[in-house]
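Q: okay, structure incoming, though there's no sequence with it:
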DNA sequence: TTGTATGCGTTATCAC
DNA sequence: GTGATAACGCATACAA
């Protein structure tokens, strides 16, 4: 049962029906300064016909003519987005829409480097916002050569110096500081830090670890990293290792989910939390409220999306580099 | 510090540089669709220049000329995507890319109805894949009139009869069946089912409840629904209510996250799980492995993404309605 | 006050 | 075999 596919209405269709030229229609629909003096009668007539025909301007045609797109292309990371990232993207979508831009997301795993850059560039977005592991130097070059602004996510400003690439970054070291400050203040001396083993997460884990170390060692507390995979078995292994080498006083669990897995393993081993081992997660997801004891965590609070949107759009329009880091760490005390 | 924005290379640029016509260049780069004979020498020359200039075909220009886009627009739901949905979208993105399509996601909250439909239609995607609550009848009309295929997510085939709208649906009732079968088999007679109070989730919750009821009441077991919000307080309220009215033998917790919250509240109230109250979640997220006791759950397994992609693309190309429901429920027994 | 004409980058149909 | 050239839908400078 194949239905005929309707042909979308065009400016010409409207013009014909109203009995004016396409220029007039275009002027009316865009409230163009050039055609300021079009009688109200014509205007309403044009508008009503446009409505009746269900006219929707053809974004491709428009962008071809204008030479620019209103598209911001966000390339998703391979890892599943947590609520933090999801909220950020949704809020940003809303905010940039108010500024005349359309934020669109593209998520294909293992799609990176020059080949990926080419396919992104084909859409001629005003900007590409992509995680660091999707961007190679050559790939970035393709985008820059196509006049597309590039935002590298998870890259520190220093790293992108001289590349013409803007950055959008979370201060993982600062998060580590906050977690560390809390733990040393409570008197813990032997602190362990979980670090994910997988590539992308490992980088963030190490930055959080660094922040934790800076604070802890400054206060004479020792910090030992522990690599862990995103599995219950790996959590059990970590705990088993500690039972041999000696349990730490406290653990910074990288994020809530790794912490949750670890908590399970600790309880299985009969370790009392937080009496014997304290535990701090990160991200303040609902997971903290499900676990018993409830998880103490470090939340990353984002400044207003509108402000972030303005910074991004500004950088895109002027094609100037900016370095954004709109999140600040806040400790949320609970039971652990 | 404003840098000059480079102008992307075009076919004409290549043609000029090589010394042939744009037609020749186009044929070479598209691998001569018509039976064109172009000497190998020219071909390699064209290709190398294209490469050197970093040429990327302009998707807008192409779609304007061809009259169709390779775009599939996925409109995200307001709720945060769980790993199940995220995996599905990522896999689908990959698969449709193999079929020459580009799946792109658009997530703006509270953007619905005709206004939203217009902005989606402006991109002239081959299809729009949107959750039911984003699609009004008028909005769907706008899309259909623009020749855009519409997939309604979370809509049963019966509901879309005669509307020309395809559906992509999860069999929540079947999920309820699986959970129910497990519980009655284990001999529970007084079963409670959590149902989220918020609009979008409430619908799914009720479908799951219906499935559970069908199985349970058939076996002489009673089912009582309990409304709950996505907060720890609400979970505590539910438990408090049960303590007054009598605890159920078993609970189907809607999904893992609601179940996790409820588990916390049950433990707080001194209720032993699973000895006094059994608990079944859904989605098989990592949350199940964090909680103690570990959560029994119903996983929704998706058939191959490639097959789903083929169905979608087929429906789009022929503009015929299809009704997809690619997930099947599987019970995962754990401690609860 | 409104219409005509042009060009954006591509592809496809024609002549040569 | 290859090169002009028209057309896709839209915006705008310019002509009327």
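A: Cool, the structure landed. Quick caveat, the model's predicted, so the values are computed rather than measured. Numbers count the residues shown, from 1 in each chain, chains lettered A, B, ... in the order given.

Q: contacts, neighbours, all on C-alpha from now
A: OK.

Q: can you list the residues of chain A near DNA strand D?
A: Proximity of chain A to DNA strand D, by Cα under 7 Å from any atom of the strand, involves residues A:9-12, A:22-24, A:26-27, A:30, A:32, A:34, A:56-59, A:61-62, A:64-66.

Q: and the closest residue to residue A:295 other than its chain neighbours, how far from DNA strand C?
A: Nearest residue to residue A:295, sequence neighbours excluded (Cα to Cα, 6 or more residues apart in numbering or on different chains): residue A:288, at 4.6 Å. Using Cα to the nearest atom of the strand, to the nearest Å, one gets 51 Å for the distance from residue A:288 to DNA strand C.

Q: likewise for residue A:37?
A: 4 Å.

Q: burial of that residue, as a residue count?
A: If you count neighbours by other Cα atoms under 10 Å in any protein chain shown, residue A:37 ends up with 10.

Q: picking up where we left off before, so where does the residue nearest to residue A:295 fall, helix or strand?
A: Using DSSP states H and E, residue A:288 sits within helix A:287-290.

Q: distance from the chain centre to that helix, please.
A: On the basis of Cα atoms, centre = their mean, to the nearest Å, helix A:287-290 sits 23 Å off its chain's mean C-alpha point.

Q: same check, this time on stretch A:182-195
A: Put simply, stretch A:182-195 sits 29 Å off its chain's centre (Cα atoms, centre = their mean).

Q: what about it, start to end distance?
A: This stretch, stretch A:182-195, spans 19 Å end to end (Cα to Cα, to the nearest Å).

Q: residue A:254: what's it in contact with?
A: Shown in contact with residue A:254 (Cα atoms under 8 Å, 6 or more residues apart in numbering or on different chains): A:193, A:194, A:195, A:196, A:205, A:208, A:281, A:282.

Q: would you turn those residues into JSON lines with neighbour count?
A: Converted to JSON lines, these look like this (neighbours: other Cα atoms under 10 Å in any protein chain shown):
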{"residue": "A:193", "neighbour count": "28"}
{"residue": "A:194", "neighbour count": "27"}
{"residue": "A:195", "neighbour count": "25"}
{"residue": "A:196", "neighbour count": "22"}
{"residue": "A:205", "neighbour count": "25"}
{"residue": "A:208", "neighbour count": "27"}
{"residue": "A:281", "neighbour count": "28"}
{"residue": "A:282", "neighbour count": "27"}
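
Q: from the residues you listed, which land in strands?
A: Using DSSP state E, A:193, A:194, A:195, A:196, A:281, A:282 are the members of the contacts of residue A:254 that sit in strands.

Q: counting neighbours, what do you get for residue A:296?
A: 24.

Q: oh sorry, the question was meant for residue A:261
A: Residue neighbour count, defined by other Cα under 10 Å, stands at 24 for residue A:261.

Q: measure the spatially closest residue to residue A:101 that is not a sequence neighbour to residue A:249 for me?
A: Among residues not flanking residue A:101 along the chain, residue A:70 sits closest, at 4.7 Å (Cα to Cα, 6+ apart). Distance of residue A:70 to residue A:249, given as Cα to Cα: 53 Å.

Q: ditto for residue A:320
A: 47 Å.

Q: the stretch 51-200 of chain A: strands as residue ranges?
A: Listed in chain order, the strands of the stretch 51-200 of chain A (DSSP state E, counting those that start in this stretch) span A:71-75, A:102-106, A:127-131, A:149-153, A:166-168, A:190-196.

Q: what's the second one packed up against?
A: In other words, strand A:102-106. strand A:71-75, helix A:83-98, strand B:102-106 (3 or more Cα pairs under 8 Å, 6 or more residues apart in numbering or on different chains; DSSP states H and E).

Q: got the angle between the second one and strand A:102-106?
A: Same thing as helix A:83-98. Here the directions of helix A:83-98 and strand A:102-106 differ by 140 degrees (axes from the mean of the first three to the mean of the last three Cα atoms, to 10 degrees).

Q: who does helix A:83-98 touch, helix- and strand-wise?
A: Packing partners of helix A:83-98 (3+ Cα pairs under 8 Å, 6+ apart): strand A:102-106, helix A:305-318.

Q: among the ones you listed, which is nearest residue B:177?
A: strand A:102-106 (35.4 Å; Cα to Cα).

Q: now do the closest one: distance to the chain's middle.
A: With Cα atoms, centre = their mean as the basis, strand A:102-106 stands 12 Å off its chain's centre.

Q: now do stretch A:64-77
A: For stretch A:64-77, the distance to the chain centre is 17 Å (Cα atoms, centre = their mean).

Q: and that stretch with DNA strand C, contact?
A: Yes: using Cα under 7 Å from any atom of the strand, stretch A:64-77 reaches DNA strand C at A:64, A:65, A:66, A:67.

Q: buried set for that stretch?
A: A:64, A:69, A:70, A:71, A:72, A:73, A:74, A:75, A:76, A:77 (16 or more other Cα atoms under 10 Å in any protein chain shown).

Q: got those residues as a markdown table, with pLDDT columns?
A: Shown next, in a markdown table, are the buried residues of stretch A:64-77 (pLDDT from 0 to 100):
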| residue | pLDDT |
| --- | --- |
| A:64 | 94 |
| A:69 | 94 |
| A:70 | 94 |
| A:71 | 96 |
| A:72 | 97 |
| A:73 | 97 |
| A:74 | 97 |
| A:75 | 96 |
| A:76 | 93 |
| A:77 | 90 |
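
Q: any chance of TSV for these, columns distance to residue B:144?
A: As requested, these are exported to TSV (distance: Cα to Cα, whole Å):
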residue	distance to residue B:144
A:64	24
A:69	25
A:70	24
A:71	24
A:72	26
A:73	26
A:74	27
A:75	29
A:76	30
A:77	33
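
Q: report the two of the residues you listed separated the most.
A: Across the buried residues of stretch A:64-77 (Cα to Cα), the longest gap, 29.7 Å, separates A:64 and A:77.

Q: can I see the domain layout of chain A?
A: A:11-57, A:66-169+A:303-327, A:172-301 (automatic domain parsing).

Q: follow-up on the earlier one: what's the spacing between the residue nearest to residue A:295 and residue A:297?
A: Residue A:288 is 8 Å from residue A:297, by Cα to Cα.

Q: any shared contact partners between those two?
A: residue A:256.

Q: of those two, which one has the most company?
A: Neighbours were tallied for residue A:288 and for residue A:297 using other Cα under 10 Å; the higher tally belongs to residue A:297 (30 against 25).
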